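Undergrad: Pasting a predicted model and its sequence here:
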Amino acid sequence: MRLSILVPVYNERAVVETSLAKVMEAPLPEGVDREIILVDDCSTDGTSAILDRIVAEHPEIRLIHKPVNEGKGAAIRTAIQMATGDFCLVQDADLEYDPNEYSRLLKPLLDGHADAVFGSRYLAAEQSRVLPFWHSMINKTLTTLSNMFCNLNLTDMETCYKVFRTDLLKSIPIRSDRFGFEPEITMKSSKRKLRIYEVPISYHGRTFEEGKKIGWKDGIKALGAILYFWIIDDLYVEPYGRGHLHNITGTPQYVNWLTLQLRPHLGDRVAEIGAGIGNLAGRMMGKRQLYLAAEKDPLYLHALRNRFLRTPNVQVRSLDPEDAAACQALPGSLDTVIAASVLEFAPDPAAIVRNMTAQLSPGGKLLVIAPNSQSLFCNLDRTLGHRRRFDSGELGRLLVDAGLEVTSIRSFNSMAYLAWLFSGKLLGSERLNRLTLKLFDKTVWFWRRIDPLLPCPGLTLFAVATRR
């Protein structure tokens, strides 16, 4: 095991050498070694020369000099890209936090209980310096507001000491350049359903006279970051697998509309392939004897396992649906197989349909949700990772060739068809506007009700087919 210690540095010449000595000497759990990544954020007080000397004496330390000062968040973003360890820990270059507590921070991760650990200055700690009342109140107020929007019960959102599994941290885009990093990563960890633990830590805070840099303006910006990242679902580094797709299926009212299409056709034993992060599974697994959530992407698998850790009727499986041998290992005699937003990404969608048909019991149903109309294929599809769209006749032949009897194929979501035609085909847009998606989601209740009355086809196909 390796711990990557990420150290953003800016104008800390009075304390940086002592601080880094503590980082290098800090005890770690048995079997864990360390790598130290320093990012000098264009210091102007002589810190850069001190760092160059330290790295010359300790070549195992990696140092990046930034040509322009951008802030703590930007420095951490740079360090994350360089990290090679199993875990990443953020360590300020001052002496406010004690590196001797690394083992305490790592324990929930090493035990397999956590994906992220926050060190709390407000849980019962061995020692904490008494600091001005209003500074603590602002921190606690920001934590409370963050908790309200994240639906967490943290005691210290603004803490520097945050440790993450590196594979997860690398998959989360960091947009904040300054101290907005703290509320941003907290909000995104909550939305990604990471298992977050808190442990008490000591705190030896500084006053502004001693070099503290964060101020009241940063508190206002932190509030703005909480609201912004609550509204915007920017959860995966682009391009990451079906990360773009999360911006669509992550809209709860639209997902509810999908479940209304699917739920009347579900049996007792259901498998969903390409289950993603569990948006559909979380709404449909209730009252099922078995709900099998299958996914081949390792990060989505991780999210599924966290989400259904204590749901006995849900099984999470790693599965490539194009692999016939792997599909044969699934529990047979399924009543329903769901392939929602799967076929359009596959090199061989026919293989997926054949493999899933083989797992159905006689009379079992395959439910397919796929993008409608190949004539609509455009840059938006390419950005999403789509290889194709489907016409209803083509999708029907695909199902019949696999030995299924097509019960129904219809399209829905006509308003989105018009928007896709205008934005994607006529204007040539390459990306979905997240704010537009949010507004669409808030008005789905209206579009769903007038959808049968609109004269144009829908953006999405929904097919139901039965095994003979």
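TA: Yep, it's here. Residues are numbered from 1 along each chain as shown.
Undergrad: What's the local residue count around the closest residue to residue 324 other than its chain neighbours?
TA: In this structure, residue 324 finds its nearest non-sequential neighbour in residue 355, 5.3 Å apart by C-beta to C-beta, 6 or more residues apart in numbering. C-beta coordinates here come from the backbone N, C-alpha and C atoms, glycine included. Neighbour count for residue 355, taken as other C-beta atoms under 10 Å: 24.
Undergrad: Which parts of the stretch 301-450 of the chain are helices?
TA: 324-328, 349-358, 379-384, 392-401, 414-420, 434-442, 444-450 (DSSP state H, counting those that start in this stretch).
Undergrad: so which of those gets nearest residue 369?
TA: Between residue 369 and those, the shortest gap by C-beta to C-beta is with helix 392-401, which sits at 10.5 Å.
Undergrad: Which strands or helices does the closest one pack on?
TA: helix 349-358, strand 360-371, strand 404-412, strand 460-467 (3 or more C-beta pairs under 8 Å, 6 or more residues apart in numbering; DSSP states H and E).
Undergrad: ok now that helix, how far from the chain's centre?
TA: Offset of helix 392-401 from its chain centre (C-alpha atoms, centre = their mean, to the nearest Å): 34 Å.
Undergrad: Residue ranges of each domain in the chain, please.
TA: 2-231, 243-467 (automatic domain parsing).
Undergrad: would TSV of those with mean pLDDT and distance to residue 237 be doable?
TA: Formatted as TSV, those follow (pLDDT from 0 to 100; distance: least, C-beta to C-beta, whole Å):
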stretch	mean pLDDT	distance to residue 237
domain 2-231	87	5
domain 243-467	89	7
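Undergrad: On the strand side of things, show who residue 318 bridges to.
TA: Residues in a beta bridge with residue 318, per DSSP bridges, are residue 295.
Undergrad: Excluding chain neighbours, give the residue nearest to residue 296 in space.
TA: In space, residue 296 is closest to residue 320, 4.7 Å off (C-beta to C-beta, 6+ apart).
Undergrad: The one you found reaches residue 297, doesn't it?
TA: No: contact criterion C-beta atoms under 8 Å: residue 320 and residue 297 do not qualify, at 10.1 Å.
Undergrad: Now for the two: what residues contact both?
TA: Counting by C-beta atoms under 8 Å, 6 or more residues apart in numbering, residue 320 and residue 297 have no shared contacts at all.
Undergrad: Does anything pack onto the longest helix anywhere in the chain? Which helices or strands?
TA: Criterion DSSP state H: the longest helix present in the chain is helix 133-150. Using 3+ C-beta pairs under 8 Å, 6+ apart, the elements in contact with helix 133-150 are helix 181-191, helix 216-231.
Undergrad: how about stretch 27-35 as CSV, C-alpha atoms only?
TA: The C-alpha coordinates for stretch 27-35 follow below in CSV (Å, rounded to 0.1, in the frame of the first residue of the first chain):
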residue,chain,number,x,y,z
PRO,A,27,4.6,7.0,11.4
LEU,A,28,2.4,5.1,9.0
PRO,A,29,0.6,1.7,9.5
GLU,A,30,2.6,-1.4,8.8
GLY,A,31,2.9,-2.2,5.1
VAL,A,32,2.2,1.4,4.0
ASP,A,33,4.8,3.6,2.4
ARG,A,34,4.6,7.2,1.3
GLU,A,35,5.1,9.5,-1.7
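Undergrad: Buried ones in it, by neighbour count?
TA: If you call a residue buried by 16 or more other C-beta atoms under 10 Å, then stretch 27-35 has these buried ones: 28, 32, 34-35.
Undergrad: ok, and what's touching it?
TA: Taking C-beta under 8 Å, 6+ apart as the rule, stretch 27-35 contacts 1-5, 24, 60, 62, 83-85, 100, 102-103, 106-107, 110.
Undergrad: For PyMOL, what selects the buried ones among those residues?
TA: Selection command for PyMOL covering only the buried members of the contacts of stretch 27-35, criterion 16+ other C-beta under 10 Å:
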select buried, resi 3+4+5+62+83+85+102+106+110
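Undergrad: among the contacts of stretch 27-35, which are in helices?
TA: 24, 102-103, 106-107, 110.
Undergrad: Relative to residue 436, which of those residues is nearest.
TA: residue 106 (42.0 Å).
Undergrad: The closest one and residue 117 touch, don't they?
TA: Yes: between residue 106 and residue 117 there is a contact at 7.4 Å, judged by C-beta under 8 Å.
Undergrad: what residues are shared contacts of those two?
TA: residue 163.
Undergrad: how about CSV for the helices and strands packed on helix 392-401, with distance to residue 431 added?
TA: Shown next, in CSV, are these (distance: least, C-beta to C-beta, whole Å):
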stretch, distance to residue 431
helix 349-358, 25
strand 360-371, 16
strand 404-412, 24
strand 460-467, 19
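Undergrad: Out of those, the one nearest residue 269 is which?
TA: strand 360-371 (8.1 Å).
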